[in-house]
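Student: Next one to model:
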Amino acid sequence: MKKLMMEPQGWKCTLEECPAGFFVFAGDVGFKTEYSNGNGDMEVFCSSGESFAGGTNSESERKALMVQPVSAVWVEME
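Tutor: From the prediction side, this is the model:
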C-alpha cells in the first residue's frame, strides 16, 4: 500500500520568498501559484480553496508570514 506524505523542502521562509507550490502554515496546507491578481497581490489559497490571508490585514503582512515549503511524496507502507 502507498501513502501520500508531505515532506519539508528546504527551510522556513516568508510567503513572498516561498516558491510556487504547496506550503504549511499553522498546521494547514496551502498552495501558492506563480501568478498575481490585477492588484499585483500574490495568488495563494488555503486547503478549503479560499484565498489565503493567514490572519493578516494587509498584503505586506501576508508576504512576511513564515511558511514551510513542502512537496507531496508517495511512500510505500507495509
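Student: May I see the buried residues of the lengthiest strand in the chain?
Tutor: Secondary structure assigned by DSSP state E gives strand 66-76 as the longest strand of the chain. Going by neighbour count (16 or more other Cβ atoms under 10 Å), the buried part of strand 66-76 is Val67, Gln68, Pro69, Val70. In this view, the C-beta of every residue, glycine as well, is placed from N, C-alpha and C.
Student: and stretch 19-30, which residues are buried?
Tutor: Phe22, Phe23, Phe25, Gly30.
Student: wait, what's in contact with the residue nearest the centre of the chain?
Tutor: The centroid of the chain falls nearest to Phe23 when counting by Cα atoms, centre = their mean (2.9 Å). Going by Cβ atoms under 8 Å, 6 or more residues apart in numbering, Phe23 touches Leu15, Val29, Gly30, Phe31, Lys32, Val67, Gln68, Pro69, Val70.
Student: Give me the subset of the buried residues of stretch 19-30 that lies in strands.
Tutor: Phe22, Phe23, Phe25, Gly30.
Student: The chain: strands as residue ranges?
Tutor: Taking DSSP E, the strands of the chain run over residues 2-8, 13-14, 21-25, 28-36, 42-45, 66-76.
Student: Centre of the chain to the second one, how far?
Tutor: Between the centre of strand 13-14 and the centre of its chain there are 10 Å (Cα atoms, centre = their mean, to the nearest Å).
Student: where does the most far-flung residue of the chain relative to its centre sit relative to Lys3, distance-wise?
Tutor: Going by Cα atoms, centre = their mean, the residue of the chain most distant from its centre is Glu78, 29.9 Å out. Glu78 is 11 Å from Lys3, where distance means Cβ to Cβ, to the nearest Å.
Student: try Phe22
Tutor: Taken as Cβ to Cβ, the span from Phe22 to Lys3 is 16 Å.
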